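Trainee: Okay, here's the prediction I keep looking at, along with the sequence it came from:
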Amino acid sequence: MSWTDERVELLKKMWGEGQSASQIAKELGGVTRNAVIGKVHRLGLSNRTTGAAPAKAEPKEKPAPAPKAEAKPKPAPKTEPARPAAAAPAAEAKPATPPRRQIIPAGQPLPPQPSANEISPEALAKVNEVEKKAKKLTLMELTEKTCKWPVGDPATDDFWFCGLPAEPGKPYCEAHVGVAFQPMSSRRDRRR
DNA sequence: CCCTGATTCGC
DNA sequence: GCGAATCAGG
């Protein structure tokens, strides 16, 4: 594969969006993340403020203009699985966050709310515990190895993803897998 | 161990 | 110019 105009453009775009080199490489196909990084450097666009790689680069002033328009185009990962409803009541301990933003949920989000009904009380309790030590990641911080269980109201500041180590092959951590995948037998005796 | 970006250097 | 190997931080 070679760096055609289109490919370079996509590279620039994604890099600009903060995508990681590996993600870009994966998207482009036929190249490794090293190739992407190499290209990025050759193109002159390099430093970003990404999670892991301050390296030994000297400290540089970066006004970082970044004119952000108030748009909310959810660039959700393609691998986004079906979203479970924000589960448990989430016993809020609230360490120190008094200035809470009172954003009125526009209309009525939270569509699929199949009701966190007949789930093992134990599983729920477990989830509540887990959510206290959750890593509270943002959408962009999720990977295929982090629990993607959403907590809270997406229309509020109080929204995050679990982020704990996900079970291999599953989108959630152990605790959340527990409430996400209910055996038929469990919801069986629903007396209709 | 997983991930990240940075750099080097033979091609 | 390219990118694998390597390095280095999280």
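Mentor: That came in fine, so what should we check first?
Trainee: got the contact list for the residue nearest to A:Ala166 when sequence neighbours are not counted?
Mentor: Leaving aside its sequence neighbours, A:Ala166 sits nearest to A:Cys147 (CB to CB, 6 or more residues apart in numbering; 4.7 Å). Every C-beta, even on glycine, is put in place using the N, C-alpha and C of the backbone. Taking CB atoms under 8 Å, 6 or more residues apart in numbering, we find A:Cys147 in contact with A:134, A:161-166, A:171-173, A:176.
Trainee: Where do the strands of chain A begin and end?
Mentor: A:150-152, A:159-161 (DSSP state E).
Trainee: Among the ones you listed, which comes closest to A:Thr143?
Mentor: Nearest of the strands of chain A to A:Thr143, taken as CB to CB: strand A:159-161 at 10.7 Å.
Trainee: May I ask which of the contacts of A:Cys147 has the most neighbours?
Mentor: A:His176 (28 neighbours; other CB atoms under 10 Å).
Trainee: so how far is DNA strand B from the residue nearest to A:Ala166?
Mentor: In this view, A:Cys147 and DNA strand B are 15 Å apart by CB to the nearest atom of the strand, to the nearest Å.
Trainee: go on, A:Gly29?
Mentor: From A:Gly29 to DNA strand B the distance is 16 Å (CB to the nearest atom of the strand).
Trainee: and A:Gly10, how many neighbours?
Mentor: Let me fix one detail, which is that residue A:10 is Leu and not Gly. 15.
Trainee: Could you do A:Leu124 as well?
Mentor: 17.
Trainee: can I assume it is in contact with A:Ala175?
Mentor: No - look at A:Leu124 against A:Ala175 with CB atoms under 8 Å: they stay out of range, at 9.6 Å.
Trainee: shouldn't A:Lys148 be in contact with A:Ala166?
Mentor: Yes - counting by CB under 8 Å, A:Ala166 is a contact partner of A:Lys148 at 7.2 Å.
Trainee: what residues are shared contacts of these two?
Mentor: In contact with both A:Lys148 and A:Ala166: A:Tyr172, using CB under 8 Å, 6+ apart.
Trainee: would you turn the contacts of A:Cys147 into CSV with distance to DNA strand C?
Mentor: Listed next are the contacts of A:Cys147 as CSV, based on distance: CB to the nearest atom of the strand, whole Å:
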residue, distance to DNA strand C
A:Ala134, 18
A:Phe161, 18
A:Cys162, 18
A:Gly163, 13
A:Leu164, 15
A:Pro165, 12
A:Ala166, 15
A:Pro171, 20
A:Tyr172, 20
A:Cys173, 17
A:His176, 22
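Trainee: Turn these into a markdown table, including pLDDT and distance to A:Ala25.
Mentor: Output for those, formatted as a markdown table (pLDDT from 0 to 100; distance: CB to CB, whole Å):
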| residue | pLDDT | distance to A:Ala25 |
| --- | --- | --- |
| A:Ala134 | 79 | 30 |
| A:Phe161 | 87 | 24 |
| A:Cys162 | 87 | 27 |
| A:Gly163 | 86 | 24 |
| A:Leu164 | 82 | 27 |
| A:Pro165 | 80 | 24 |
| A:Ala166 | 82 | 22 |
| A:Pro171 | 84 | 23 |
| A:Tyr172 | 86 | 27 |
| A:Cys173 | 86 | 27 |
| A:His176 | 85 | 30 |
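Trainee: Brilliant, that's me finished.
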